[in-house]
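Novice: My questions are about this predicted structure, shown below with the sequence.
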Amino acid sequence: MLWLLSWKNIWRNKLRSIVVIISVMVGVFAGVFMIAFMNGMVKDRIKSVIQTEISHIQIHQPEFKENNDFSLIMNDADSILQKVMLTKNVYAASKRIVINSMVASAETNTGVKIMGIIPDEEKKVTNISNKIIEGTYFEGKKKNAVVIGKKLAEKLKVKIKNKIIITVQDINKNITSGAFRVAGIYETDNAMYDEATIFVSYNDICKLTGLSGTEAHEIAVLLDKNENSKTVTQELKKKFPALEVQDWLEISPEAGYLVSAMDQYMFVFILIILLALGFGIINTMLMVVLERVKEIGMLMAVGMSKLRIFFMIVLETVYLSLTGGLIGIVVGYIVCKHLEKVGLDLYFWKEAYTSIGYSSFIYPTIDIQMLISTTFMVILTGIFSALYPAYKALKLNPAEATRTE
């Protein structure tokens, strides 16, 4: 009976109840949408880190990542590569020569990371070949071809077929240079990566540096699933105890931080929104209590217990919060699911997003666990928002309340 009475009470003033429900709905919708939006950004960034920049796992000589010493090479890279490919859950692997050095054009010069790759193998490990916006990705048997990022091309003021000079240190620690022709220009979602990374053929860089063709500074490994990173990393560490084996969370700590902190961000974000809505609900329910002083006094006078009155006020508040909250969650879920398929193009902020490594094309991602947590928090908000108004109702004196006009 009390449940039905409480539901009828909130519709005694329809306009006020509708305004409260709409405000809760808009607040919860905004919370659900922003969480899905942030979740989509984080997942897209992680996807970019793995598929474009570093892959799932990398193998180096100890301390190579710290000082990038050219002499810290793995001489038996082909043997290591074969053992890696025999490991369970490994999808592809590629060896690389990695040199931090200088590149120059007729206009200027800058420091870059030179990646000596085997194109056919690299295609399976990273998706740079799919990011080409001009030219080609090492098509044909072109000698001394180089693929550079769009940002670097703009900085060097070069175009397709222009020459650039790559300066490196060879195996005898002598400085040597080679002329390379721009075969392709790529563009990723990370402008900093585009400006600092160039790709050349493994054979060409070996000839320039005097390497025999069996060495590598780095072996990049792509797995079938992200979830297998830890397991495969541990297995490879056992196979190669003398080498440094790192997964993407170790290589890119900021990406790992995004994963671990995302749940906390979502919780805090929703909490702030519901806290703001809670004060509005408290204000509304206080008005309700003050308007019904005489009615509440009469209910007390005819024998309704203070506990039942307290429960009635709480129920009314929860009904308002839950109605608006559920509508907001449903609308948010429908909108986010639609955008998860078609995406949201923030092209007018593209430069700002790419400058920090994020795509301007976002696919908001939502999951059921998040919706359940949000629903639970909405219910709690309704209960806590009802406590003070319900307490004020309990403090009423039945004799005085019945005489109130």
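Specialist: All right, it came through fine. Owing to the predicted nature of the structure, the values given are computational and were not obtained by experimental measurement.

Novice: Spatially nearest residue to Thr233, not counting backbone neighbours?
Specialist: Computed as C-beta to C-beta, 6 or more residues apart in numbering, the closest residue to Thr233 that is not its neighbour in sequence is Asp247, at 4.4 Å. Heads up, the C-betas are built off the backbone N, CA and C, glycines and all.

Novice: Spit out the contact partners of the one you found.
Specialist: Residues in contact with Asp247, defined by C-beta atoms under 8 Å, 6 or more residues apart in numbering, are 56-57, 229-230, 232-233.

Novice: Give the next helix or strand downstream of the host helix or strand of Ala30.
Specialist: Secondary structure assignment for Ala30, by DSSP states H and E: helix 14-48. Using DSSP H and E, the helix or strand that follows helix 14-48 in sequence is strand 57-60.

Novice: so what does that following strand touch, helix or strand wise?
Specialist: strand 218-223, helix 229-239, strand 244-247 (3 or more C-beta pairs under 8 Å, 6 or more residues apart in numbering; DSSP states H and E).

Novice: center of this protein, which residue is that?
Specialist: Central residue of the chain (C-alpha atoms, centre = their mean): Val42, 0.3 Å from the mean position.

Novice: Next one: that residue from Leu243, what distance?
Specialist: Applying C-beta to C-beta, to the nearest Å, the value for Val42 to Leu243 is 30 Å.

Novice: Likewise for Ala301?
Specialist: 84 Å.

Novice: These two: who's more crowded?
Specialist: Leu243 (16 against 12; other C-beta atoms under 10 Å).

Novice: Contact partners for the residue lying closest to that one once chain neighbours are set aside?
Specialist: Leaving aside its chain neighbours, Leu243 sits nearest to Ile59 (5.4 Å; criterion: C-beta to C-beta, 6+ apart). Each residue near Ile59 by C-beta under 8 Å, 6+ apart is listed here: 74, 80, 84, 218-219, 221, 236, 240, 243-246.

Novice: neighbour-wise, which of these leads?
Specialist: Top of the contacts of Ile59 by neighbour count (other C-beta under 10 Å): Val221, with 26 neighbours.

Novice: Quick check: beta-bridge partners of the nearest residue to it once chain neighbours are set aside?
Specialist: Leaving out its chain neighbours, the residue that sits closest to Val221 by C-beta to C-beta, 6+ apart is Ile57, at 4.0 Å. Ile57 has the following beta-bridge partners by DSSP bridges: Val221, Asp247.

Novice: same deal with Ala145?
Specialist: Arg181.

Novice: Look up how far Ala261 lies from the residue nearest to Thr233.
Specialist: For Asp247, the distance to Ala261 - C-beta to C-beta - is 18 Å.

Novice: how many neighbours does Ile282 have?
Specialist: 17.

Novice: just checking, what packs against the helix ranked longest in the chain?
Specialist: Longest helix in the chain, counting residues (DSSP state H): helix 253-291. Applying 3+ C-beta pairs under 8 Å, 6+ apart, one finds that helix 253-291 contacts helix 14-48, helix 248-251, helix 306-342, helix 368-394.

Novice: do you know which of these lies nearest Glu154?
Specialist: helix 14-48 (20.6 Å; C-beta to C-beta).

Novice: what's the average pLDDT for the closest one?
Specialist: Averaging pLDDT along helix 14-48 yields 85.

Novice: per-domain residue ranges of the protein.
Specialist: Following the assignment in automatic domain parsing, the chain carries domains at 2-49+256-402, 62-242.

Novice: Out of those domains, point me to the one whose mean pLDDT is lowest.
Specialist: Across these, domain 2-49+256-402 gives the lowest mean pLDDT, at a mean of 79.

Novice: Any idea how far that one is from the middle of the chain?
Specialist: Once both centres are worked out by C-alpha atoms, centre = their mean, to the nearest Å, domain 2-49+256-402 turns out to sit 25 Å from its chain's centre.

Novice: just stretch 90-103 next, same as before
Specialist: Counting by C-alpha atoms, centre = their mean, stretch 90-103 comes out at 25 Å from the chain centroid.

Novice: List the buried residues for it?
Specialist: 90, 92-99, 101, 103 (16 or more other C-beta atoms under 10 Å).

Novice: With stretch 157-171 instead?
Specialist: 158, 164, 166-168.

Novice: try stretch 180-192
Specialist: Those would be 180-191, for stretch 180-192 by 16+ other C-beta under 10 Å.

Novice: could I have it exported to PDB, CA atoms only?
Specialist: Only the C-alpha atoms of stretch 180-192 are listed here, as PDB (Å, rounded to 0.1, in the frame of the first residue of the first chain):
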ATOM      1  CA  PHE A 180      67.400   7.900 -49.500                       C
ATOM      2  CA  ARG A 181      64.400   8.700 -51.700                       C
ATOM      3  CA  VAL A 182      60.900   9.300 -50.100                       C
ATOM      4  CA  ALA A 183      58.700   6.500 -51.400                       C
ATOM      5  CA  GLY A 184      55.800   7.000 -49.100                       C
ATOM      6  CA  ILE A 185      54.300   9.400 -46.500                       C
ATOM      7  CA  TYR A 186      52.200   8.000 -43.700                       C
ATOM      8  CA  GLU A 187      49.900   9.600 -41.100                       C
ATOM      9  CA  THR A 188      48.800   8.000 -37.800                       C
ATOM     10  CA  ASP A 189      46.800   9.400 -34.900                       C
ATOM     11  CA  ASN A 190      50.000  10.400 -33.100                       C
ATOM     12  CA  ALA A 191      51.600  13.500 -34.600                       C
ATOM     13  CA  MET A 192      54.700  13.100 -32.300                       C
END
